[in-house]
Structures are given as C-alpha cells and as structure tokens.
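1. Sequence first, then the predicted structure, then my questions.
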Amino acid sequence: MNFEFSEEQNLLREQANGFLKDNCPPAAVRKILEGKKSYDEALWRKIAEMGWTATTIPEEYGGLGLGYLELCVIAEELGRAVAPVPFSSSVYLATEALLLAGSPAQKEEWLPKLATGEAIGTFAFAEGPGRPSAKSLKTGLSKGRLRGTKIAVPDGDVAHVAIVVAKSRAGDKAAWYLVDLTQRNVKRAPVSTLDPTRSHASITFRSADAQPLGADGEGWALTQKLLDRAAILFAWEQVGGADAALNQAKEYALGRYAFGRPIASYQAIKHKLAHAYIKNTLARSNCYYGAWALNTNAAELPLAAATARVSATQAYYFASKENIQTHGGMGFTWEFDCQFHYRRSKLLSVNIGSEGGWQDRLISAVEHSNVA
Amino acid sequence: MDFNDSPAEARFREEARAWLKANVPTAAELEGLDYIGKAKLWQKRKFDAGWACLRWPKEFGGRGASAIEQVIWGQEESKFETPQSVFQIGQGMAAPTLMAYATEEQKKRFLPKLASGEEIWCQLFSEPAGGSDLAALRTRSEKRGDEWVINGQKIWTSGAHYSDWGILVTRSDPTVPKHKGLTYFFLNMKSPGVTVKPIKQISGGANFNEVYFTDVRIPDGQRLGAVGQGWQVSLTTLMNERASIGGGGMGVGFRVAYKLAQKVMIDDKPAIEDSAVRARLANWYVEESGLKYTGYRTMTALSRGQTPGPENSIGKAVGAPKTQDMASFCMDLLEMAGAIDDPEVAEAAGLLQMTYMASPGGRIAGGTDEIMLNILAERVLGLPQDVRVDKGIPFSEVPTGRG
C-alpha cells in the first residue's frame, strides 16, 4: 500500500506552509477583509513567482507540468492560511477549463499568461438563486454575440478572462464561451459577499465578443467534469481550513481558564474538539482518495469528488462554528480571527454547488459505477 | 500515490490467497459442529500450516510476520466465509500480556495452545462498580502462604462460559490509592469457587457473563507482574486493542442500505430516488469511505515500517453509532414491516432488527463512545485530563454511590 504523498510532495507542503506563515499571516487576511482591495497583490505576485499558478500547466504552455498531487498540497496550505488571492478561480477553474476544452490556439493564448499569474481567470456560472440547470440558463448568443448577466462571479472584478456557461446555439442545451473580460462590452459590478477576503462581481455581457470553448451543446457535461475536478481541489482548501480552525480552538481552550482550570479539561469541550478531529480526519482521508483520482484521471473521479466535497464541507462548517463556540464571547468579536474560517467555510460550501446537490451527485456516481 | 503492494507484500498476499483458497473449511467439513467446534477446527488448521497469530514468534506458534503482513492476511481471509473466531480475547489481549510478564516456561505452556485454539481465554476486568473506571475494581486478592485467595465478582465477561483460562485484575491492597493497590493474575476457569452466570442481552443472546469468585485459590506462580503492579500490567493488555484496518462491508452499512433503498418504494418509486434518502445515504457513504482511506493511510505507514499516526483511532467512535443509526434507518425504510424480526419472514432474515438490538452494545463495549471521545481529546489532541477527585486518597475512602 502506497497511499501517501511522496517525500518531495511532503517537502513542498513544508515549504508552502512556511511561505504562507511568513507572507500570509492573519494580518494580511484581515487587511483584505477590512480594506478596499480585492486581493493581496503582493502575495499573488510571490505565489506566481514560486510557480504555483503554473503547477499543472504543460511545459509547452509555460507551465511546470507537475501533477495534481502537488496542486492538492498547495491547495491545503492556501486553505489553512485563508489566503486572499484569486488562485482557485485562475487555477482550479479557468486553467482546468482550458485544459479540458481549449483549442490549441485558445490554450496558446491564455495558458502562458495564467501560468505567470499576469492573467487572472475565472468561471461564470450562477445567474440567480437556487441550483442552476441547463434549462434555467439565460445567458446566450444573440446574433453571434454574448448577452446575459452572471451573478457573484469569483474574482469577477479583477479577472481578465472568464469561461462562461451559457445556452447552446439551439437554446436547449449548454455551451461554454471564452470571454476576454477587459473588452468594452463587458460590464462588471463588485458585489459584497459574506467573505470579503474573496472578491466577487456580477458580470453583464452586452453583445460581447465570445469564442466557443469546446463543442456546442457540450457545456453541461463539461461543467460537471470541471466541477468534479475543482471540488477535489477546493476540498483540500476546506480540509486545511478545518484543521486550522480546530487548532485555533484547541490552543484557545488550553489557555483559557474557568472555575480554576483550563476549559480544555472539561468534557463538553473535549468531546466537541474530538468530534471536529473525527470529521477532519474523515475528510482528509477522503481528500487523499480525491487527490489520487484527480491525478490519475480515474474512472471513479465523480464519486471521489463528491465524497471529498461532502466530507470536507461538513468538516469545515463544523470546525469553524465550534471554533467560535469554544472561544466564547471573544470568538464573536470582529477583532478575533475566528471569523475568517466561519466566512470562508460558508463561501466554499456554496461556491460550486451546495451539500445537497453533491450528496445527490454522490449517489448518482454510486448508481453509475455499481460500487455497492 | 497508489494502492500497490510492494513486491514482497505481493508475494506474501499470493501465498496467503493460495493457501486460503485450498484450505478454507467446506460446509461438509463443518457439519455437525457447534460454533466453537467450527472455530477450533479452522484455528487448528491455520496453526498447523503456520497461518495462526502471524505476528507471534515462531516458537510460540506464530510466523514472526510484520504488521503489514498481518493486515494483508486479514484482508485475504475476510474474502472467504470462515467460522467466526472465539479466540480474539485470548490471542489479542491475554497473549501479549503473557509475552510481556509470564515466565519462559509459562509462555511455552500457554502460547501455542492459544495460537492453535486448543484453549480459549477470557478477560476478567470489568465489575458492576467499575466499568469505564476500570481501576476502581474491587475483587479482592489476599495472600495466604504460596497462594492468593480471591473473592468478588466480574461482569460483562465475554465467553467466560466456554473459556479454559482467564486474565484477572484484583485489588490486593484497598488502603492505598486506587491505581497502586492492584495485582494481576491468570487462572484456570474450572478452579473451585468460580461460578459463571450468563447475562441475557436485549438482543436475546447471552454471550457475556457474571463471574463470581468465592475463595478461589490461585498459585503465586500465576501472578503476572509484581504485587501492586496490576495497573501497569493491565495497560499492556488494553494497549493491544488491534486497530481494525480496512475490510468492512460487514453488517449493516452502506451496501445493505443502498440495496434496500433500491428495492423498497416511496410514493411508487424506489426509495433511492427520494432526495432525503439520497442525502442520508451519502452522509454514511462519506463516513465509510473516510474510515476506509484512513485505514489505507495507516497501512501505508505499516508498509513503510513507520508507526502509524493516531488517525486510525477514530474507527470505533465513528463505526458504533453509525451502525445503530443505519440499522434504524433501514427499518424506517421498511415502515411497519421493519418491526418484524422473525427470521423466516423479515427482510434480510432479520439482520436489520438483530443489528438494531445489538448495536447499543457496540457503543458501550470495549470503550464507550464517550470514553473514545475522551481518548481522542486527551491522547491525540493533547487536552488535559479531567479533575480526578479520587486521586491520591486511599481506595477505601473513595465515594462510590448515593448515601
């Protein structure tokens, strides 16, 4: 059995952890939370310099051509640090979408810039409340040009390029379009979310220039493929965050005294943190399987993705809210950092589909794979 | 990252698989035997061929195998239908204690018969007044010449009714603090003065017992560890709870619930199409999957000759309550029919109802849910122990009940 990261990957984790401790301390997260900037530009530049944005981009397009295990390691550390940068949009979504469906010309145009971090990419999907479906999409081509509005696009205010999920030409299915967001016919309006450490914007396409990405009518299938892959990477962020939240709670409980002894010695707190440890451990192990499936493009990828996402979403939610609970009144103050995880965990639980949708996807994957 | 055996592990697995295929007892061979007879037949066959108690030294009936080889053997054996073992307590708990504390002569006398299944052992630890608080046990041992005289009572002793020998912790000195006044023995269960009374469980069976000791005599030679060292010796016994790694798919889990949900209807459609059913099944799927891959991570550490991390200690805390909830859920799917437990009539021959009735025991035996959470909190997360009001005071002065 060799179900572990390699020595090199473990070293990368150490380096990433150390780098983010130095370059993304809580103060850096708070700066974006409280300020007007969309993301930490200095941190983003350094991340790009380290080659993280180039991890899975093939060398022919200026990337490092490494595997997904390395990207999972990086994702976990970014999640642990609650890093306020557009990494997930650019790397898990835009880069992956181009790798999945881009023509050589499209890859040639965008992958090198995504690799260096000089371009930020994103994925525009949701149009309103509730779970999107191919039929519910309103964004589409009109006279060959893209019209419609997408809400709450991650990094929508700063991204240079977006993959947009829209109606197919015949209107009955879905299609992907590659859109340069810097063009005149694209209007963006920043929107406030409960996690200001990750900026979002609504984007309106007013007869915008748009290139088909992948085959017409294939948009929904491509979206599911993309979200399966992104789910695993986001799950590693969630696991990193859940771990950090548990550690925060533990450290606080060890130092906080009540009735003459540390609150960590009371069973109610011990059991609470033990439950968090259990959920985090289950999620981490499910993420290992997801990492393997992603890295090997396994047939089980949809099942592994849903399992990782459901598990990690539940773990991060629990850890983040019980972290506040363990802190008592102080955890509820703006001044304390517990809110970082409370906000980020909720954002990550709805960004690419809620728990309910992914529970359904999990059972569908079981039905299709005849696993049981 | 892959699931592959190393070449040496692969060879070992091949060997194990080949032997199992050729030697697992057939129905004909087991004909007419009761469950203990079946267990003994299979255990002896494994012993004779060098496949019993793999990790033990060869001189004691084992194979000197590594931890990962033990896991591989367990995986391969679980793929076949074999008689259920009645030897786990003896082999898993008594034997390691004997190996650590018994004389060479005693090891030679007892370990091979433990490995072959010729003798069955039980564990006489818990008492009515001390379950989770094991060290608060009261069964008394008094030295008289070369012997010790035992008086008291043990409870929840699994298999005492068919055991030949038992490991026993007693209080040799009630005037000193709790942990300091214990002494550990092993005894012949047929000794005069030992009375075994079965306890009927809510699940109908009576696999465990009360064991009464009335002036039972044990030679001093059967003491393990020094007088007053009983707690340390007990820790050796308890530390040998085997981590259950991988395997699974037994009992009422996702597979059973999923198949049932495909079969049973809600609103004229298979229950598996109901979103509430799908959500609940998905939640249990991720728990089982998480346990399985946690096991793989532990196996990887063993394969590399490393000490596994603490992750695998979550198994019982997750598995026991989950079994209860899943059995309950499956019965709910069946609606009124879920209440029927006649094995001739009930779905899955009454497995669901049997599991539901047996599952409270799983949350209590071998470490309650609450104790498992304490252990995770204290030993894994490093949180401080709770206050002990019985610390440092003579055992005879510790409060034990209302009034």
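-> Arrived safely, thanks for sending.

2. From what I see, B:Asn240 and B:Gly90 are in contact.
-> No. Between B:Asn240 and B:Gly90 there is no contact under Cβ atoms under 8 Å: 11.6 Å. Heads up, the C-betas are built off the backbone N, CA and C, glycines and all.

3. Of the two, give the one with the bigger neighbour count.
-> Just comparing B:Asn240 and B:Gly90: by other Cβ atoms under 10 Å in any protein chain shown the higher neighbour count belongs to B:Gly90, 29 against 16.

4. mind giving me the domain ranges of chain A?
-> Under the assignment automatic domain parsing, the domains of chain A span A:7-116, A:121-215, A:220-369.

5. between those domains, which gets nearest to chain B?
-> For these, the distance to chain B is smallest for domain A:220-369, at 2.9 Å, taking Cβ to the nearest Cβ.

6. List the buried residues of stretch B:55-71.
-> By neighbour count with 16 or more other Cβ atoms under 10 Å in any protein chain shown, stretch B:55-71 contains the buried residues B:56, B:60-63, B:65-71.

7. Now flag whichever of these is closest to chain A.
-> B:Ile68 (7.5 Å).

8. B:Trp156 is nearest to which of the domains of chain A?
-> Set against B:Trp156 and scored by Cβ to Cβ, those come closest in domain A:220-369, at 23.2 Å.

9. How about A:Gly140, nearest residue that isn't a chain neighbour?
-> What sits nearest to A:Gly140 in space, not counting adjacent residues and going by Cβ to Cβ, 6 or more residues apart in numbering or on different chains, is A:Lys167, at 3.4 Å.

10. B:Phe60 too?
-> Per Cβ to Cβ, 6+ apart, closest to B:Phe60 is B:Leu111, 3.8 Å.

11. Let me see the ranges of the strands in chain A.
-> Counting by DSSP state E, chain A has strands at residues A:121-124, A:140-142, A:145-154, A:161-167, A:174-180, A:186-191, A:200-208, A:211-213, A:257-258, A:261-262.

12. so of these, which one's packed in deepest?
-> Ranked by mean neighbour count, the strands of chain A are led by strand A:121-124 with a mean of 28 (mean count of other Cβ atoms under 10 Å in any protein chain shown).

13. what sits against the spatially closest residue to A:Leu66 that is not a sequence neighbour?
-> Nearest residue to A:Leu66 in three dimensions, chain neighbours excluded: A:Thr55, at 5.1 Å (Cβ to Cβ, 6+ apart). Neighbouring residues of A:Thr55 by Cβ atoms under 8 Å, 6 or more residues apart in numbering or on different chains: A:63-64, A:66, A:70-71, A:74, A:91.

14. Strands along the stretch 1-150 of chain B, start to end?
-> Assigned by DSSP state E, counting those that start in this stretch, the stretch 1-150 of chain B shows strands spanning B:121-124, B:140-144, B:147-158.

15. Could you point out which of those sits nearest B:Trp231?
-> Across those, B:Trp231 has its closest neighbour in strand B:140-144 (13.8 Å, Cβ to Cβ).

16. What helices and strands are in contact with that closest one?
-> Packing partners of strand B:140-144 (3 or more Cβ pairs under 8 Å, 6 or more residues apart in numbering or on different chains; DSSP states H and E): strand B:147-158, strand B:165-171.

17. what angle separates the following helix or strand past the last one from strand B:147-158?
-> It stands for strand B:165-171. The helix or strand immediately downstream of strand B:165-171 is strand B:182-188, counting by DSSP states H and E. Strand B:182-188 runs at 80 degrees relative to strand B:147-158, counting by axes from the mean of the first three to the mean of the last three Cα atoms, to 10 degrees.

18. mind listing what's buried in strand B:182-188?
-> B:182-187.

19. what sits up against stretch B:98-116?
-> Stretch B:98-116 has contacts (Cβ under 8 Å, 6+ apart) with B:43-44, B:47-48, B:52-53, B:56, B:59-62, B:87, B:90-91, B:94-95, B:119, B:121, B:165, B:184, B:186, B:221, B:224-225, B:233, B:236.

20. so what's the residue nearest the centre of chain A up against?
-> Among the residues of chain A, the one closest to the centroid is A:Phe234, at 4.0 Å (Cα atoms, centre = their mean). Taking Cβ under 8 Å, 6+ apart, we find A:Phe234 in contact with A:75, A:88, A:92, A:309, A:312, A:348, A:351-352.

21. Okay, it and A:Ile278: tell me how far apart.
-> Separation of A:Phe234 from A:Ile278 (Cβ to Cβ, to the nearest Å) stands at 21 Å.

22. Now render the contacts of A:Phe234 as TSV, adding pLDDT and distance to A:Leu111.
-> Formatted as TSV, those follow (pLDDT from 0 to 100; distance: Cβ to Cβ, whole Å):
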residue	pLDDT	distance to A:Leu111
A:Ala75	98	19
A:Ser88	98	17
A:Tyr92	98	15
A:Arg309	98	26
A:Ala312	98	28
A:Leu348	98	25
A:Asn351	97	23
A:Ile352	97	22
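
23. Mind giving me the ChimeraX command for buried ones among the residues you listed?
-> Only the buried entries of the contacts of A:Phe234 go into this ChimeraX selection, using 16+ other Cβ under 10 Å:
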select /A:75,88,92,309,312,348,351,352
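
24. which non-adjacent residue is nearest residue 176?
-> Using chain A here. A:Leu213 (4.1 Å).

25. wait, chain B
-> In this structure, B:Val176 finds its nearest non-sequential neighbour in B:Pro394, 6.2 Å apart by Cβ to Cβ, 6+ apart.

26. Does the one you found touch B:Thr175 like I think?
-> Yes. Taking Cβ under 8 Å as the definition, B:Pro394 is a contact partner of B:Thr175 at 5.2 Å.

27. Compare neighbour counts for the two and give me the winner.
-> Using other Cβ under 10 Å as the criterion, B:Pro394 and B:Thr175 rank with B:Pro394 on top: 15 against 10.

28. SS state for the residue in chain B positioned nearest to chain A?
-> Residue nearest to chain A within chain B: B:Gly290 (2.9 Å; Cβ to the nearest Cβ). When classified by DSSP: H, G, I helix; E, B strand; the rest coil, B:Gly290 comes out as helix.
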